[in-house]
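**Student:** sequence plus predicted model, see below.
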Amino acid sequence: MSKIQVFDHPLVRHKLAMIRDENTGVKSFRELVEEVSMLMTYEVTRDFPTEEIEIRTPLAPTRVQVICGKKVAIVPILRAGLGMVNGILKLIPAAKVGHIGLYRDEETLQPVEYYCKLPHDIRERDVIVVDPMLATGGSAAAAIGFLKDRGIKNIKFMCLIAAPEGIAVVQREHPDVDIFAAAVDSHLNEHGYIVPGLGDAGDRLFGTK
Ligand code: PRP
Ligand code: URA
């Protein structure tokens with residue numbers, strides 16, 4: 001069974017509270033999503049291997065730890081996943097970015113793929129799939145499935161708000177994929193929205209409603 005890590009850091013809690021608030025406008029919403037994604041990246045990368053190298057400070061030679069040979073790809077699920085990418089790139093600037101376009105059919109709630117463009121060497125990379133919302137889990141499970149079909153093995157999933165239903169689906173279909181969520185909410189409503197959640201992440205990021 002995969003691990004789920006939920007964030008209790010005061011900065012994450014505070015910024016997520018502002019993201020949830022219906023009075024937060026598009027500009028602040030975007031900035032806050034980017035900031036929380038950056039803060040979460042600190043934990044998502046905790047298992048990156050390091051190696052010792054020798055450098056010289058202005059005072060003396062010394063041995064220091066640096067990240068060794070980690071090749072990373074960030075794969076946002078379009079559209080709302082895009083809002084998380086820049087925050088992650090602030091801490092992993094050399095990461096490549098692939099895109100998977102999925103939307104949720106509003107009747108069936110099933111994910112429909114409409115776009116996929118990945119780095120050519122993605123099989124050699126550790127992949128972080130990102131989407132602010134893990135609701136029924138259909139979109140995340142499908143995106144992870146597409147990546148596995150393309151031979152990618154080491155995948156993590158990162159979201160801002162997860163519902164228990166979505167966590168269960170990803171853990172059942174992809175028990176090897178660890179989940180990082182800033183918060184886990186109570187339940188889904190009859191339209192598949194996370195309650196209390198933050199509303200429609202894509203619409204709030206891009207001002208489409
Ligand atoms: C939202 C969200 C996830 C999906 C989560 O996207 O960003 O991708 O719903 O729901 P699920 O866990 O039930 O699949 P949406 O389909 O609204 O598309 P958008 O990002 O283009 O707005
Ligand atoms: N997608 C969203 O944007 N919000 C939800 O609460 C559920 C799915």
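**Tutor:** Structure's in. What do you need? Keep in mind it's a predicted model, so treat the numbers as computed, not measured. Numbers count the residues shown, from 1 in each chain. Ligands and ions are numbered 1, 2, ... in the order given.
**Student:** around ligand 2, pick out the residues from this protein.
**Tutor:** For the chain, the residues found near ligand 2 under the criterion Cβ under 6 Å from any ligand atom are 80, 133, 135, 192-194, 197, 200-202. C-beta coordinates here come from the backbone N, C-alpha and C atoms, glycine included.
**Student:** give me that answer again for 8 Å
**Tutor:** Residues of the chain lying close to ligand 2 (Cβ under 8 Å from any ligand atom) are 80, 104, 132-133, 135-136, 161, 163, 188, 192-195, 197-204.
**Student:** spell out which parts of this protein neighbour ligand 1.
**Tutor:** Residues of the chain found near ligand 1 (Cβ under 8 Å from any ligand atom) are 77-81, 101-104, 109, 111, 131-140, 142, 163, 166, 169, 188, 192, 200-203, 206, 208.
**Student:** out of the residues of the chain next to ligand 2, which are buried?
**Tutor:** Among these, the ones that count as buried by 16 or more other Cβ atoms under 10 Å are 80, 104, 132-133, 135-136, 161, 163, 188, 192-194, 197-199, 201-202, 204.
**Student:** which ones among the residues you listed are found in helices?
**Tutor:** Members of those lying in helices (criterion: DSSP state H): 201-202, 204.
**Student:** could I get those as a markdown table with pLDDT?
**Tutor:** Compiled in a markdown table, those are given as follows (pLDDT from 0 to 100):
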| residue | pLDDT |
| --- | --- |
| A201 | 98 |
| G202 | 96 |
| R204 | 98 |
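**Student:** excluding chain neighbours, what is closest to the residue of the chain found nearest ligand 1?
**Tutor:** Ranked by Cβ to the nearest ligand atom, the top residue of the chain for proximity to ligand 1 is G202, at 2.4 Å. Distances taken as Cβ to Cβ, 6 or more residues apart in numbering place A80 nearest to G202, at 4.2 Å, with adjacent residues excluded.
**Student:** check D105 too.
**Tutor:** Closest residue to D105 apart from its sequence neighbours, by Cβ to Cβ, 6+ apart: V112 at 5.6 Å.
**Student:** dump the residue contacts of that neighbour.
**Tutor:** Neighbour list for V112: 102-105 [criterion: Cβ atoms under 8 Å, 6 or more residues apart in numbering].
**Student:** return the item of the residues you listed having minimum pLDDT.
**Tutor:** For the contacts of V112, the weakest pLDDT value sits at R104, with 76.
**Student:** give me every residue that touches that one.
**Tutor:** By Cβ under 8 Å, 6+ apart, the residues touching R104 are 110-112, 135-136, 138-139, 192.
**Student:** could you dump stretch 144-164 to PDB, C-alpha only?
**Tutor:** Provided in PDB are the C-alpha atoms of stretch 144-164 (Å, rounded to 0.1, in the frame of the first residue of the first chain):
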ATOM      1  CA  ILE A 144      -0.900   7.500 -13.600                       C
ATOM      2  CA  GLY A 145      -2.200   4.600 -15.700                       C
ATOM      3  CA  PHE A 146      -1.200   6.400 -19.000                       C
ATOM      4  CA  LEU A 147       2.300   7.000 -17.600                       C
ATOM      5  CA  LYS A 148       2.700   3.400 -16.500                       C
ATOM      6  CA  ASP A 149       1.500   2.300 -20.000                       C
ATOM      7  CA  ARG A 150       4.500   4.300 -21.400                       C
ATOM      8  CA  GLY A 151       6.900   2.500 -19.200                       C
ATOM      9  CA  ILE A 152       7.300   4.900 -16.300                       C
ATOM     10  CA  LYS A 153       7.900   3.300 -13.000                       C
ATOM     11  CA  ASN A 154       8.700   5.800 -10.300                       C
ATOM     12  CA  ILE A 155       5.600   8.000  -9.800                       C
ATOM     13  CA  LYS A 156       4.400  10.200  -7.000                       C
ATOM     14  CA  PHE A 157       1.100  12.100  -6.900                       C
ATOM     15  CA  MET A 158       0.800  15.600  -5.400                       C
ATOM     16  CA  CYS A 159      -2.400  17.500  -4.800                       C
ATOM     17  CA  LEU A 160      -3.700  20.300  -2.600                       C
ATOM     18  CA  ILE A 161      -6.900  18.800  -1.400                       C
ATOM     19  CA  ALA A 162      -7.800  15.100  -1.400                       C
ATOM     20  CA  ALA A 163     -11.100  13.400  -0.700                       C
ATOM     21  CA  PRO A 164     -11.100  10.000   1.100                       C
END
